[in-house]
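*Asks:* sequence unknown, structure follows:
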């Protein structure tokens with residue numbers, strides 16, 4: 001229930017996909033990626049893209065942490081209301097939600113990496 005673990009994972013993903021984007025396209029090519037396809041509107045798109053990339057860390061952190069926190073709270077409430085036998089389905093549901101959230105986190109990390117290393121033609 002600590003937000004530091006999802007934040008650490010999100011920061012790691014952020015550093016990883018930016019590193020590979022710079023490695024693949026070079027620093028100038030990667031910065032051009034932020035400017036958008038049309039040169040005369042790049043002054044507007046560049047700050048928006050920077051904010052968007054920084055918001056990805058927040059989005060990954062909040063998505064993973066809030067779902068795990070809510071799952072833990074639901075399990076705690078049902079453990080306090082019912083005996084052990086009736087709460088086992090909720091533990092199974094919590095494990096299923098954890099697996100789905102790990103899958104979503106992994107898919108988003110792969111999408112971010114794919115976008116960072118893609119060459120625009």
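*Replies:* Happy to help now that I have it. All values derive from a computational prediction rather than experimental measurement. Numbering: from 1, shown residues only.
*Asks:* where does the residue at the greatest distance from the centre of the chain land on pLDDT?
*Replies:* Of all residues in the chain, residue 83 has its C-alpha farthest from the mean position, at 35.9 Å, by Cα atoms, centre = their mean. We have a pLDDT of 74 for residue 83.
*Asks:* can you check the one 10 residues further on too?
*Replies:* Reading off the confidence values, residue 93 has pLDDT 84.
*Asks:* okay, now it: neighbour count?
*Replies:* Residue 93 is flanked by 14 other residues according to other Cβ atoms under 10 Å. For every residue, glycine as well, the C-beta is placed using N, CA and C.
*Asks:* do residue 16 as well
*Replies:* Neighbour tally, residue 16, other Cβ under 10 Å: 14.
*Asks:* Is it inside a helix or a strand, and which specific one?
*Replies:* helix 4-35 (DSSP states H and E).
*Asks:* What residues does the spatially most central residue of the chain make contact with?
*Replies:* Centroid-nearest residue in the chain: residue 60, 2.6 Å away (criterion: Cα atoms, centre = their mean). Residues in contact with residue 60 (Cβ atoms under 8 Å, 6 or more residues apart in numbering) are 6, 9-10, 13, 105, 108-109.
*Asks:* I figured residue 94 hits residue 70, correct?
*Replies:* No. Contact criterion Cβ atoms under 8 Å: residue 94 and residue 70 do not qualify, at 9.6 Å.
*Asks:* ok, the two, which is more surrounded?
*Replies:* Between residue 94 and residue 70, counting by other Cβ under 10 Å, residue 94 is the more crowded of the two (19 against 12).
*Asks:* Next one: the spatially closest residue to that one that is not a sequence neighbour, what pLDDT does it get?
*Replies:* Of all residues beyond its chain neighbours, the one nearest residue 94 is residue 71 (4.5 Å), with distances taken as Cβ to Cβ, 6 or more residues apart in numbering. At residue 71, the pLDDT value in this model is 82.
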